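In: task: produce atomic coordinates for the following.
(2 chains)
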Amino acid sequence: MTDVTSQPPRPVDPPAAPARRSLLIEDPRTRRRNAAERRFRAYGVVAIALAMGALVFLLFTIFRDGTSAFFQTYARIPIAIEAQVVDPAGNRDPAEMQKVLTMGYGKLLDNSLAAYVEANGIEIEGLDDRDLSSFFSAQARADLRNAVLANPELVGTVIEAPVMTSSRIDGMFKGRVSRESAAIDAKTSVAQYDLAMAMQERGDLQTRFNWDFVTSTDSSDNRPEAAGLGVAILGSFYMMLIVLVLSLPIGVAASIYLEEFAPKNRLTDLIEVNISNLAAVPSIVFGILGLAVFINFAGLPRSAPIVGGLVLTLMTLPTIIISTRAALKAVPPSIRDAALGVGASRMQTMFHHVLPLAMPGILTGTIIGLAQALGETAPLLLIGMVAFVTTYPSAPPEGFLDPASALPVQVFNWTQRADPAFFERASGAIIVLLVFLLAMNLLAITLRRKFERRW
Amino acid sequence: MSPFWITIAILALAALGYLLGRSRSVRLAGGDTRALHSRPTYHGWHVALFTALPALVLLALARLLQAPGWLAPAALALGVAGLAVALSRTAPQFRARNVVEQVVRGILIVCSLIAIATTVAIVLSLVFESLRFFRMYPWQDFFFGTEWTPSFGGGSELGMLPLLWGTLYISLIALLVAVPVGLYAAIYMSEYATPRVRSVVKPAIEVLAGIPTIVYGLFALVTVGPLLRDWIAQPLGLGSSGSSVMTAGLVMGMMLIPFVSSLSDDIINAVPQSLRDGSLAMGSTHSETIRQVVLPAALPGIVGAVLLAASRAIGETMIVVLGAGAMARISPNPFEAMTTITVKIVGQLTGDNDFASPETLVAFALGLTLFVMTLGLNVLALYIVRKYREQYE
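Out: Below you'll find the model as predicted:
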């Protein structure tokens, strides 16, 4: 037997020198963990900064590029309406004067400009006839012709009306065209640049606010300075009218049924699944639907606001239904119980009590749905809204069938043009679109703030 | 008379019917409305509905089936007949309210069926035109062809793969931008930000979702494209095109940030506070709690949000039309112009169409492909999100 116990017990490891730990001093591990914490927070801040920065950058570039579209350069020089050019027969008969085409009026403008250059003693090297004739917008001739035809008294007089300059001259005062770029641009020249500067010094060229951009119609490729948004705004307005008139009642009716009356069965489930899926179907698919059903099958005309309105209605319905159901759900059951308790039928409860209380929420949702529809572009491309339209659609109801454009489509249309001056117009159109959207959203927010009830 | 004015006439007739029905019920009751089963307004509505509904339905059918012109006046006549019948039925004991409520209920049901009708119409129009396309062009060549060279003169190659490649490549880049930014923004907003910061930042990020896609498209075309070309692609010799996969992807990623962030925000907020409290009580830092407890708990929902964003990216049109270019090619270089399914749908269907040629009809086959892809992603995403929501309820 071995006497184990006789051995003295070995002491446990002698306690190491006690670590100098203090709550006030971070150990390396804590420091690492705290650094990770700070890094993680920083990632969040960076992400938010990126998102906000992107938003600010986007809005900044749009406004930087687009504000100039609201301004336009006009020349104010004496224009002699020479009788032998515009009225060779001398009868002052508008019907006869119709025969003089816009080309003739272009000559008037050229002559007047040449006379102006001479009278003011402006001497510019290399200024030739081409520089003079491309100084004014092609639209200016047409405008002058219309003015003279409307008022034959003007023939033989000298008038001094603002004349729209070409987009290159306009660009010189918006920083788009410089002396250097004018030298290599086929549509302008250094001489023309110098002439414009000389005229501006004399105060005969003015850049001023341009309402025509908002009101006038689109114009062809070679006169970007005359292109306006009138038809597009009218078309968008017609479509919004159709969307509002159709989608609000239909959406509210569908929501009331689904929220209050529908039994829980297969059919209801199917409708619910359909609505949530329709909300996520790509918008271009709705365009294909519009093309196949409304145009090819039902035979409605292309480019018409009614087709655009119907397509956008189908797209807006899910949004309206979802927000209406939320608004109906927010009305407390005590309202329903009280109405039913005094003997109202379920229909009466719904239409006399629940619906009026839910109305602010429903309207807010509707406005937001409309704002979405207003900015929608892709489906409208497929139903022919890209067409080049230079006449205003007539008043409703016939106007719903007239060809029209729409604001976002007009933007797309202008980006497809060759002349870079159209990009300024496109950005300007976006500013108009954003102003409308802002107004609608502010209206929605005000409605919500003012009428929303917390139960 | 145009359909519009007939509609107006019918509505005017219905209004007249309302007045007649109401006053007749009161008169029949001898001026004492207590003798009536239903209140006088219901008698009025009963007449109005019977006047307007059959007439308007007939008018709509006539318009839809392009029936002969005499059907429009016939609709008006039907309205008058409805008015007469309803008026003759009016009696003190007539249950006008029940009748009206039944009819209204029917109208409500019809309105809610429009959602199904829309889906059916989408599917039918896509499938029928696609079938016509596949009768002219073999489906194997469409789904597996690598050449896209449509020419209206005939002999087109209409292979979908280059378009699919462009679509997926752009969507991938967009998600690589949107998911980290959106997710970190959501985490910061729901876990760290003070209510004041949150009340400013959250609406500001949601503004990004309210901006129409055409605005992003123009931004890509005018600003981002040239910027990338001049500062990155050309110096590195990667390409000389302003429109590229990278341009469209970056801008689309920007557009998707709010989708990812607001959905993730909701989902992170739905994680019960007790989980966070437990983790913090064990001594973990805030970020450790988020990474190891909150995010795993929220993961299915976040995956759902990402899938929804992916479906948006695949179906997005205007950004790629303006930012990605129109060249159908398969290339790994993100600074080259490529094209997507949606761009080609727009390309083949704008302008004058010949609905008998495969070059036009191919757009419907592309649309069907797109619809099926996005529908699959949506259904999957909604399923995941719904399943996750139930977990903590």
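In: show the contacting residues for the residue in the stretch 251-393 of chain B positioned nearest to chain A.
Out: Nearest to chain A, among the residues of the stretch 251-393 of chain B, is B:G315, at 2.5 Å (CB to the nearest CB). Backbone N, C-alpha and C define where each C-beta goes, glycine included. Counting by CB atoms under 8 Å, 6 or more residues apart in numbering or on different chains, B:G315 touches A:V281, A:P282, A:S283, A:I284, A:V285, B:T342, B:L370, B:T374.
In: out of those, list just those in helices.
Out: Here DSSP state H is the test, and those give A:S283, A:I284, A:V285, B:T342, B:L370, B:T374 as lying in helices.
In: quick check, A:A75 in contact with A:A161.
Out: No. In this structure, A:A75 is not within contact of A:A161 by CB atoms under 8 Å, at 9.8 Å.
In: out of those two, which sits in the more crowded spot?
Out: A:A75 (24 against 15; other CB atoms under 10 Å in any protein chain shown).
In: and chain A, what are its domains?
Out: By the assignment in automatic domain parsing, chain A contains the domains A:72-208, A:230-451.
In: quick one: mean pLDDT for the first one?
Out: Rounded to a whole number, the mean pLDDT of domain A:72-208 is 82.
In: picking that back up, out of the ones in helices among the contacts of B:G315, flag the one nearest to A:V231.
Out: Checking these against A:V231 with CB to CB, the nearest one is A:S283 at 22.3 Å.
In: what residues are up against the closest one?
Out: A:M315, A:E376, A:A378, A:P379, B:G315, B:T317 are the contacts of A:S283 under CB under 8 Å, 6+ apart.
In: give me that answer again for 7 Å
Out: A:M315, A:E376, A:A378, A:P379, B:T317 (CB atoms under 7 Å, 6 or more residues apart in numbering or on different chains).
In: thought the last one was touching B:T342?
Out: By that I understand B:T317. Yes. Contact criterion CB atoms under 7 Å: B:T317 and B:T342 qualify, at 4.2 Å.
In: quick check: residues of the stretch 301-450 of chain A near chain B?
Out: Within the stretch 301-450 of chain A, the positions adjacent to chain B are A:314, A:317, A:345, A:347, A:371, A:375, A:377-378, A:381-382, A:386, A:397, A:408, A:411-412, A:415, A:423, A:426-427, A:430, A:433, A:437, A:441 by CB under 7 Å from any CB of the partner chain.
In: quick check: PyMOL command selecting the buried ones in these.
Out: Typed into PyMOL, the next command selects the buried ones out of these (criterion: 16 or more other CB atoms under 10 Å in any protein chain shown):
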select buried, chain A and resi 314+317+347+371+375+377+378+381+382+386+408+411+412+415+423+426+427+430+433+437+441
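In: in helices, which of the residues of the stretch 301-450 of chain A next to chain B appear?
Out: Under the assignment DSSP H, those contribute A:314, A:317, A:347, A:371, A:375, A:378, A:381-382, A:408, A:411-412, A:415, A:423, A:426-427, A:430, A:433, A:437, A:441 to helices.
In: buried residues, stretch A:353-363. List them.
Out: Of the residues in stretch A:353-363, A:H353, A:V354, A:L355, A:L357, A:A358, A:P360, A:G361, A:I362, A:L363 count as buried by neighbour count, 16+ other CB under 10 Å.
In: for the record, mean pLDDT for it?
Out: Stretch A:353-363 shows an average pLDDT of 92 in the prediction.
In: just the CA trace of it, in CSV.
Out: Coordinates of the C-alpha atoms in stretch A:353-363 are reproduced here as CSV (Å, rounded to 0.1, in the frame of the first residue of the first chain):
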residue,chain,number,x,y,z
HIS,A,353,-71.3,56.0,-41.0
VAL,A,354,-68.1,54.1,-41.8
LEU,A,355,-67.5,55.5,-45.3
PRO,A,356,-67.7,59.2,-44.4
LEU,A,357,-65.3,58.6,-41.5
ALA,A,358,-62.9,56.8,-43.7
MET,A,359,-63.1,59.4,-46.5
PRO,A,360,-60.0,61.5,-45.6
GLY,A,361,-57.8,58.3,-45.7
ILE,A,362,-59.4,57.3,-48.9
LEU,A,363,-58.8,60.6,-50.6
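In: which pLDDT value goes with B:L295?
Out: B:L295 is given a pLDDT of 92.
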